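Engineer: sharing a model prediction with you, sequence too.
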Amino acid sequence: MTDVRAPEADAFDAAAAGRDGPAPGGPASASGGAPGLADWLRWAWRQLTSMRIALVLLFLLALASVPGSILPQEGNNPAGVTQYFESHKTLAPLLNHVGLFNVFAAPWFAAIYLLLFASLVGCVVPRTFRLAGSARTLPPRAPRNLARLPRSAGYRTALAPGQAAEVAAGVLSGHGFRLRRPADDGPGTASPGTASSGTASSGTASQAEPSGQWISAEKGYLREIGNLLFHLALLGVLVSIALGGLFGYKADRLLIQGQSFADTQSDLDEFYPGRLVTAADLGPFTITLNQFDASYITSGAQQGQPSAFDARVSYTASPGGPVRTARIEVNRPLSVDGAKVYLIGHGYAPEFKVTDASGHVVYNGPQPFISGPSGNFLSEGVLKVPGADPEQLGFTGVFVPTAVDVGGTLESVFPAADNPVVSLIAYEGNLGMNSGAAQSVYTIDTSGMRRLTAQPQVLRVGQSLKLPDGEGTITFTGYRQWASLTITHDPGQLPALICGMAALGGLLLSFVVRRRRVFVRVRPGPDGGTTVQVGGLARTDASGGFEEEFASLAAELRSAHQAAQDQSVAEPGLTAPSQQQGPIEQQGE
C-alpha cells in the first residue's frame, strides 16, 4: 500500500503478523536433524495458539452449545428429559450416551473449552507484553519522497524551515498525533535508504539526510488496544464460566401450591453442584409457594397461549429470620442469600383420597402430573399407595383440564382448568418400592401387580371409584397447581457480564478507530523560500474517511503556516521574505 521505509520494524505489527496463522509444514529441528519431542511440542503449541485454530475452536464451541439449547437438559429441565425418553425410546438412550442431555458438563465440551482457553492464553498474553513494550514506540521515520504515498500535498511558505517544522509539529500534536523528529533519533542514526552498518554509516544523520527537516506523526493506537481488549475480555468470559462451574450450583424443586422447601440437598429434587461445591455450601433459606396464577389468551388466533405466570411466595433468608413475600415471574427471579430462584414451569396436581379394604384413609393429598406433547396441559401421572392393606395399590392416570369428548376420547381444548376430569386405571400388588433400584415418582412398575379396572375410569371433582373385590375406594377431590423452580448460584455471572461489555467496547474501538500516519518534510526552496510536503496513509481505512481528514489537515497546516508568516511580518524589526505561500498541490491514489 505504501513505499514507506524505516530502519526499524513496527513491533506491534510484527506481533500481529505472527498471529495470522501457523507456519506451513511440520516441526523443524534447530540442529537440522530429525525433529525431537521438544520440536514437536513447540510446533503443536504454535498450531494451538494460531488464529486459525482459535477460530476453529470458537466455532466448535458455538456448535457444541446448540444441542444444549435445543434438547432438554438435566440441569434445568429434568421433567423434559424424562418426557423426551418416553417419547423417543430409541433415540434418547443414544443421545444420552454422548452426553447431549447434559452438554455443558460433558467431557468433550470441557475439552473444547480448555483448548480454546489455552489458545487464547497463548495468543493474548504475549500480545499484551508486546503492546505494553510498543506503547511508547515512536512512529517510523518520514520517507524521502512523500509524493509516493497514497495521499500527499505540497505548498510553499516564506517561513524558515525550522520555524515551518515547529508550526507543523504544533498543529499535529494539537490533533493528538504522536510525533517523531530527527532529534528523537540521536546522533549517528542512519536515514531511510542508507546503510546501517560498516563504514557507510559512519556519518551523522545530518550528513545523510537531505537538507531540511521532517516530522512523523501517528494516531489511532486505540484500535490495537481495542483488539487486545476484545481478546482479553473473551478470555475473561471463559474464566468467568469456569468460576461458575467450580463454585456455582444449580438445583430444581417442584413445589405444589401450599408446600414449602428448604435449600438443602435432602429437600431438593435435583442438585447439580460445581466441582468445588458441597451440600454445606447451600444457603439456609426456605420458600413457600402461597399461590400460583396462570393466565391464557381466550380468543383469537393465539387462543390458549399463555399471557402471564405469577408465583407468589413467602421466604426466610435464614432460620428464624423475618418472613418476606415476593412474586416470581418469568425472567424476574427472586434473589436470596446469593442465589436466584427462577420460575421455569408449571402444571396441575390432582388431589386424591384413597381408602383401603379396611376403610382406613391411606392417602389424602395432591400428586403432580406432567403435561405431555398433546398440548393444553393434558397431563399424565401415577399415584402409589404402598400403605394400603392387604395389598399395595397403584394408579396411572391422565388429568384433562378442559375435557371434551371427541369420538369417545377425552381431549383438552384449553389449558385452564375449566372442566377438569381425571381418567384412572387401578392396580394392586407389589409396587417394588422396598427393593431394587430407586423409582421415579412419575412412573410405576406394574410387572408385579394385577390390573383391577379393564377400562380407564373417568372421574369428575367429587366423584369416587370403588375398586373391585372390596379393595378400597379412590376419590378425585380437586386439584392444585404446581410450579417448577430452579435455584442457581453463579459467582461468575457478574464478571461474565462485565467482560462481555468490555469485549463489545473492544470491538467498537477496533471498528471505529483508524490507524493513520502523517509525514511532513520542509526543505529550503531554490529561490530562498521553504517547500512543505505533506504525505499520509491510513493503516486501516476500510470504511473510508481518511481522504477528507487528510485534506482538512493539509489545509490546516497551510493556514497555520500562513498565520505564522503574517505574525512574523507584523513583528517590529523583522523583514518579510519576498516569497509567498503557493497553492496546495494534492495527490492521491
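Structural biologist: It's in.
Engineer: what residues are bridge-paired with residue 217?
Structural biologist: Beta-bridge partners for residue 217, by DSSP bridges, are residue 179, residue 518.
Engineer: hang on, isn't it packed against residue 177?
Structural biologist: Yes. Residue 217 lies in contact with residue 177 (Cβ atoms under 8 Å); the separation is 3.6 Å. Glycine gets a C-beta too; all of them are placed from N, C-alpha and C.
Engineer: what pairs with the host helix or strand of residue 422, parallel or antiparallel?
Structural biologist: Secondary-structure assignment from DSSP states H and E places residue 422 in strand 421-429. On the basis of DSSP bridges, the sheet neighbours of strand 421-429 come out as strand 392-400 (antiparallel), strand 449-451 (antiparallel), strand 457-460 (antiparallel).
Engineer: between residue 217 and residue 177, tell me which one has more neighbours.
Structural biologist: residue 217 (25 against 21; other Cβ atoms under 10 Å).
Engineer: so who does that one touch?
Structural biologist: If you count contacts by Cβ atoms under 8 Å, 6 or more residues apart in numbering, residue 217 has them with 139, 172-173, 177-180, 517-520.
Engineer: for PyMOL, what selects the buried ones among the residues you listed?
Structural biologist: To isolate the buried ones among the contacts of residue 217 in PyMOL, judged by 16 or more other Cβ atoms under 10 Å, type:
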select buried, resi 139+172+177+178+179+180+517+518+519+520
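Engineer: format the contacts of residue 217 as a markdown table; extra columns: distance to residue 511 and pLDDT.
Structural biologist: Output for these, formatted as a markdown table (distance: Cβ to Cβ, whole Å; pLDDT from 0 to 100):
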| residue | distance to residue 511 | pLDDT |
| --- | --- | --- |
| 139 | 23 | 87 |
| 172 | 25 | 93 |
| 173 | 26 | 92 |
| 177 | 21 | 91 |
| 178 | 22 | 89 |
| 179 | 26 | 92 |
| 180 | 27 | 91 |
| 517 | 20 | 91 |
| 518 | 22 | 93 |
| 519 | 26 | 94 |
| 520 | 29 | 94 |
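Engineer: can the contacts of residue 217 go into TSV with extra columns for distance to residue 374?
Structural biologist: Output for the contacts of residue 217, formatted as TSV (distance: Cβ to Cβ, whole Å):
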residue	distance to residue 374
139	71
172	74
173	75
177	70
178	70
179	75
180	76
517	69
518	71
519	75
520	78
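Engineer: ok, so of the contacts of residue 217, who is nearest residue 91?
Structural biologist: residue 517 (60.6 Å; Cβ to Cβ).
Engineer: tell me the pLDDT at the residue lying closest to the closest one once chain neighbours are set aside?
Structural biologist: Leaving aside its chain neighbours, residue 517 sits nearest to residue 218 (4.7 Å; criterion: Cβ to Cβ, 6 or more residues apart in numbering). As predicted, residue 218 sits at a pLDDT of 90.
Engineer: can you give me the helices for the stretch 151-300 of the chain?
Structural biologist: According to DSSP state H, counting those that start in this stretch, the stretch 151-300 of the chain carries its helices in the segments 161-174, 205-208, 222-247.
Engineer: residue 391 is nearest to which of those?
Structural biologist: Once the helices of the stretch 151-300 of the chain are compared by Cβ to Cβ, helix 222-247 is nearest, at 48.5 Å.
Engineer: how much space between the residue lying closest to residue 432 once chain neighbours are set aside and residue 435?
Structural biologist: Of all residues not flanking residue 432 in the chain, residue 445 sits nearest, at 4.7 Å (Cβ to Cβ, 6+ apart). Relative to residue 435, residue 445 is positioned 11 Å away (Cβ to Cβ, to the nearest Å).
Engineer: and residue 389, by the same measure?
Structural biologist: Per Cβ to Cβ, residue 389 is found 19 Å from residue 435.
Engineer: tell me which of the two has more neighbours.
Structural biologist: The neighbour comparison of residue 389 against residue 435 (other Cβ under 10 Å) goes to residue 389, with 13 against 6.
Engineer: OK, contacts around the nearest residue in space to the more buried one that is not next to it in sequence?
Structural biologist: The shortest distance from residue 389 to any non-neighbouring residue, by Cβ to Cβ, 6+ apart, is to residue 356 (5.0 Å). Each residue near residue 356 by Cβ under 8 Å, 6+ apart is listed here: 362, 385, 387-390, 393, 471-472.
Engineer: surely residue 477 meets residue 351?
Structural biologist: Yes. Using Cβ under 8 Å, residue 477 is in contact with residue 351, at 4.6 Å.
Engineer: sorry, back to before: and the strands paired with strand 421-429, which is most packed in?
Structural biologist: strand 392-400 (a mean of 24; mean count of other Cβ atoms under 10 Å).
Engineer: now do the helix or strand following it: which elements does it pack against?
Structural biologist: Scanning forward in sequence from strand 392-400 by DSSP H and E, the next helix or strand is strand 403-406. Counting contacts by 3 or more Cβ pairs under 8 Å, 6 or more residues apart in numbering; DSSP states H and E, strand 403-406 packs against strand 409-412.
Engineer: residues touching the strand it packs on, excluding its own?
Structural biologist: For strand 409-412, using Cβ under 8 Å, 6+ apart, the contacting residues are 374-378, 398, 400-405, 421, 423, 458.
Engineer: show the buried residues in the residues you listed.
Structural biologist: Here, 16+ other Cβ under 10 Å leaves 376-378, 398, 400-403, 421, 423, 458 buried among the contacts of strand 409-412.
Engineer: now flag whichever of those residues is closest to residue 235.
Structural biologist: residue 377 (45.4 Å).
Engineer: so how far is residue 505 from the closest one?
Structural biologist: 45 Å.
Engineer: returning to that earlier point: turn the strands paired with strand 421-429 into JSON lines, including distance to residue 329.
Structural biologist: Formatted as JSON lines, the strands paired with strand 421-429 follow (distance: least, Cβ to Cβ, whole Å):
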{"stretch": "strand 392-400", "distance to residue 329": "25"}
{"stretch": "strand 449-451", "distance to residue 329": "42"}
{"stretch": "strand 457-460", "distance to residue 329": "32"}
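Engineer: could these be laid out in CSV, adding mean pLDDT?
Structural biologist: Formatted as CSV, those follow (pLDDT from 0 to 100):
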stretch, mean pLDDT
strand 392-400, 94
strand 449-451, 92
strand 457-460, 94
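Engineer: what's the closest of those to residue 567?
Structural biologist: Nearest of the strands paired with strand 421-429 (Cβ to Cβ): strand 392-400, 93.6 Å.
Engineer: the closest one: how far from the chain's middle?
Structural biologist: In terms of Cα atoms, centre = their mean, to the nearest Å, the centre of strand 392-400 is set 45 Å apart from its chain centre.
Engineer: could you do stretch 159-176 as well?
Structural biologist: For stretch 159-176, the distance to the chain centre is 47 Å (Cα atoms, centre = their mean).
Engineer: over to stretch 431-451?
Structural biologist: For stretch 431-451 - counting by Cα atoms, centre = their mean - the centre lies 44 Å from the chain centre.
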